[in-house]
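Chemist: Give me a 3D structure for the following:
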Amino acid sequence: HPELLSTVLPVYPESARKEKISGNIILQIVVRADGIPDGLVVLQMPVGGEWLAGSAVEAVSKWRYKPATRNGVPVNAYFTVIIDFHLT
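Modeler: Prediction:
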């Protein structure tokens, strides 16, 4: 599996806060052999969660990974990421 090296926290969109929208965004991502996330797909989001999904995709696309390897060679790896948005 890829190893997460750096993250960017997603911004809780003000419009989602005002509408009291919260929940989990589940993304499928591909970590390329160069460690950069690609092909981000939203698998699940709360009703009305488009703002949250957009923020999650924007943040995760900036994350950086040490890529997965097969026989010592960096390879693409597919997996899911869960971003939790909850109002406090």
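Chemist: distance of Gln28 from Val57?
Modeler: Separation of Gln28 from Val57 (Cβ to Cβ, to the nearest Å) stands at 11 Å. Heads up, the C-betas are built off the backbone N, CA and C, glycines and all.
Chemist: who touches the most centrally placed residue in the chain in this structure?
Modeler: Central residue check for the chain by Cα atoms, centre = their mean: the C-alpha nearest the mean position is that of Val60, 3.8 Å away. When contacts are counted by Cβ atoms under 8 Å, 6 or more residues apart in numbering, Val60 is found next to 10, 27, 29, 37, 40, 81, 83.
Chemist: can we see that at 7 Å?
Modeler: Under the criterion of Cβ atoms under 7 Å, 6 or more residues apart in numbering, the contact list for Val60 reads 27, 29, 37, 40, 81.
Chemist: could the residues you listed go into a markdown table alongside neighbour count and pLDDT?
Modeler: Putting the contacts of Val60 into a markdown table (neighbours: other Cβ atoms under 10 Å; pLDDT from 0 to 100) gives the following:
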| residue | neighbour count | pLDDT |
| --- | --- | --- |
| Leu27 | 23 | 99 |
| Ile29 | 21 | 98 |
| Pro37 | 19 | 98 |
| Leu40 | 16 | 98 |
| Val81 | 18 | 97 |
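Chemist: Out of the residues you listed, name the ones that lie in strands.
Modeler: Among the contacts of Val60, the residues falling in strands (DSSP state E) are 27, 29, 37, 40, 81.
Chemist: do you know how far Asp84 is from Arg64?
Modeler: Using Cβ to Cβ, Asp84 is found at 21 Å from Arg64.
Chemist: Looking at these two, which is more packed in?
Modeler: Neighbour count, other Cβ atoms under 10 Å: between Asp84 and Arg64, Arg64 has more, with 15 against 11.
Chemist: picking that back up, comparing Gln28 and Val57, which shows the higher neighbour count?
Modeler: When neighbours are counted by other Cβ under 10 Å, Gln28 and Val57 differ, and Val57 comes out ahead with 18 against 14.
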